[in-house]
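Novice: quick one: sequence and predicted model below, then my questions.
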Amino acid sequence: MTSLGRGVFVPVPTFFKENEDLDLAAFDQHVEYLANSGIAGIVVLGSMGEAVNLSDEERVQVIQQCSDSVKKYNPNLKIIAGTSSQSARNTITYTKQAAEAGAGFALILPPSFYKGSMDHDALYQFYTTVADQSPLPVVIYNYPGVCQGLDLSIPLLVELSKHKNIIGVKGTDGNVGKMANLVNKTNPEDVTLLAGSVDFFLPELLIGAVGLIPGAGNVFPSLCAQVQALYESNKLQEAIALQKKLVEADDALCRWHGIPGIKSFIQKRLGYGHGVCRNPLQKASQANAAAIEEAVDAAWLLEQKYRSSK
């Protein structure tokens, strides 16, 4: 197993005040909520973290706050920072800044602005150039939904996984068959394969993935970790039952209305943050927020019950 190890790594939002300034106090509260829930680490400045809407200075501030909060509440948590940019040069700069601010790993999307030119060779050169100069181990982030449909191929991912400083792949493509193919063609000592969503977590564990980066983990982190714990304890029927209970809640939090939806739920149920995103993302409407609450409440109550029993 690579230095990243196995387990659940929660991709946290970046919190803002009503005027869209950073709300680092709310960020700290959120890390406290997550810190001892059974997760293995935190992802900061992923797609959930609105990294594309932050200035370079703000990116550093948020990573530093994450590092400070993790040291305070659970120093064993690993910190993965999103350091994606459209050029290898800028990605390397972001990655070096993230290392200095306290991150332990870098999560990097493929560049997609010039999608027509992003063939196998261009993407190979991008990732290997970054990995050669990165002070942090690199996790490749395959998420066609935010990359104009750019979907990294199995041959490319297999080739890149042989680089000594590329140690993981997050698959937010929903393709269980692709993950099975990667399991067959990569060495678990070299690369950690991570599911990208709660709704297909157990199926990907079954075929060889060893962890998860779930947006819905911001609300029910313990339950996400419990799916994996049950599976690894050979309690498959219990894992299946729990997986089924999380599917609609995951859908509501992560797909119905995007980041505003998950922020509205955190504000309502956890009591911090203002539900604010950076313009052009808008606050969830009252109707949308209510629909999310209705869909998520059963999983939310189960999370509270599970925590109180520990």
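Specialist: On my side now, so go ahead.
Novice: which elements pack onto the lengthiest helix in the chain?
Specialist: Ranked by residue count, the top helix of the chain under DSSP state H comes out as helix 286-309. If you count contacts as 3 or more CB pairs under 8 Å, 6 or more residues apart in numbering; DSSP states H and E, helix 286-309 packs onto helix 221-232, helix 236-251, helix 258-265. Just so you know, the C-beta spots here come from the backbone N, C-alpha and C atoms, and that holds for glycine as well.
Novice: skipping adjacent residues, who's closest to Pro111 in space?
Specialist: In space, and not counting its chain neighbours, Pro111 is closest to Gln86: 4.7 Å by CB to CB, 6 or more residues apart in numbering.
Novice: so the one you found sits in a helix?
Specialist: No: read with DSSP: H, G, I helix; E, B strand; the rest coil, Gln86 is coil and lies in no helix.
Novice: pretty sure it sits against Leu109.
Specialist: No: Gln86 is not in contact with Leu109 according to CB atoms under 8 Å; the separation is 9.5 Å.
Novice: what about the two, which has more around it?
Specialist: Leu109 (25 against 14; other CB atoms under 10 Å).
Novice: touching, Glu303 and Cys224? I think so.
Specialist: No: using CB under 8 Å, Glu303 is not in contact with Cys224, being 9.4 Å away.
Novice: tell me which of the two has more neighbours.
Specialist: Using other CB under 10 Å as the criterion, Glu303 and Cys224 rank with Cys224 on top: 29 against 22.
Novice: what is the subsequent helix or strand relative to the helix or strand hosting Leu193?
Specialist: Per DSSP states H and E: Leu193 is located in strand 192-195. Going down the chain from strand 192-195, the next helix or strand is helix 201-206, by DSSP H and E.
Novice: which residues touch that next one?
Specialist: 171, 176, 179, 193, 195, 212, 214, 224, 227-228, 231, 239-240, 243 (CB atoms under 8 Å, 6 or more residues apart in numbering).
Novice: quick one: which of those residues is nearest Glu159?
Specialist: Closest to Glu159 out of these is Leu193 (15.3 Å), distances taken as CB to CB.
Novice: burial of that closest one, as a residue count?
Specialist: Leu193, neighbours per other CB under 10 Å, totals 23.
Novice: now Leu77
Specialist: Neighbours of Leu77 (other CB under 10 Å): 22.
Novice: can you read off the pLDDT for it?
Specialist: Leu77 carries a pLDDT value of 98.
Novice: same question, Met1
Specialist: Met1 is assigned a predicted lDDT (pLDDT) of 64.
Novice: same check on Gly82?
Specialist: In this model, Gly82 carries a pLDDT of 98.
Novice: mind listing what the closest residue in space to it that isn't next to it in sequence touches?
Specialist: The shortest distance from Gly82 to any non-neighbouring residue, by CB to CB, 6+ apart, is to Leu45 (3.8 Å). If you count contacts by CB under 8 Å, 6+ apart, Leu45 has them with Thr14, Ala51, Leu54, Arg59, Val62, Ile63, Ala81, Gly82, Thr83, Ala98.
Novice: again, but for Ile166
Specialist: Here Ile166 is in contact with Tyr127, Ala131, Pro137, Val138, Val139, Ile140, Leu160, Val191 (CB under 8 Å, 6+ apart).
Novice: torsion angles phi and psi at the fourth one?
Specialist: Taking degrees, to the nearest 10, you get phi -100, psi 130 for the backbone angles of Val138.
Novice: how close does Gly102 sit to Val70?
Specialist: 8 Å (CB to CB, to the nearest Å).
Novice: what do those two both touch?
Specialist: Shared between the contact lists of Gly102 and Val70 (criterion: CB under 8 Å, 6+ apart) are residues Ile79.
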